[in-house]
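Colleague: Kindly return the folded structure for what I paste below:
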Amino acid sequence: MAELLELPDGAGAVDPAELGFACGLIRLAVVGADGHPLDFSGDAVREAITGALAADPFDPLPADALRPFAPAALAALEAAVPGHPELDRLAPLWRPRLMALAGRQGELTGEEAVILRFEERLRELKRGMAEAEAAGDEDRREALHAKYIEVGTTYAGRLAARGG
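Modeller: Below you'll find the predicted structure:
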């Protein structure tokens, strides 16, 4: 487990490894494609991630905090792929999300747009489950979990069908 990063206003702490895409985006923007894209141990990377954190334990790195980093991260990704083993594997998932955050949704394929909608729905369900759990509403958490499994299974099938 990586060293936890404190959220603002004493709202808790997060493990950057659990926020792989968001922290990876910031890492790409700060240091480029050198090294492993999921290594958040560098001081400049940790400082940038910490500076972007919101005081929301259910969404500590919201889209608005990531948008300023997206153009540089997308440029670093596009410059490194193909040829960077780790980013070659992550690019099919990360590139569409980076493009959307960078304001380049018009360049997405129809399938990429569908995949992004699935991902957003899964994030909404995950947040709802966490909020229900925090409120002690086990019935709601269970219902959302069942929906999460349903949407996740469909999402996984779409990814498998496109080879991503």
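Colleague: if I pick residue 63, what's in contact with it?
Modeller: Counting by C-beta atoms under 8 Å, 6 or more residues apart in numbering, residue 63 touches residue 101. Every C-beta, even on glycine, is put in place using the N, C-alpha and C of the backbone.
Colleague: Apply 10 Å and report the result again.
Modeller: 22, 70, 97, 100-101, 120, 123 (C-beta atoms under 10 Å, 6 or more residues apart in numbering).
Colleague: so who does the residue nearest to the spatial centre of the chain touch?
Modeller: The centre of the chain sits closest to residue 21, judged by C-alpha atoms, centre = their mean, with a distance of 3.4 Å. Each residue near residue 21 by C-beta under 10 Å, 6+ apart is listed here: 37-38, 61, 66, 90, 93-94, 97-98, 119.
Colleague: pLDDT score for it?
Modeller: We have a pLDDT of 95 for residue 21.
Colleague: measure the residue sitting furthest away from the middle of the chain to residue 130 for me?
Modeller: Taking C-alpha atoms, centre = their mean, the residue of the chain most remote from its mean C-alpha position is residue 139, at 27.4 Å. From residue 139 across to residue 130, the span is 15 Å (C-beta to C-beta, to the nearest Å).
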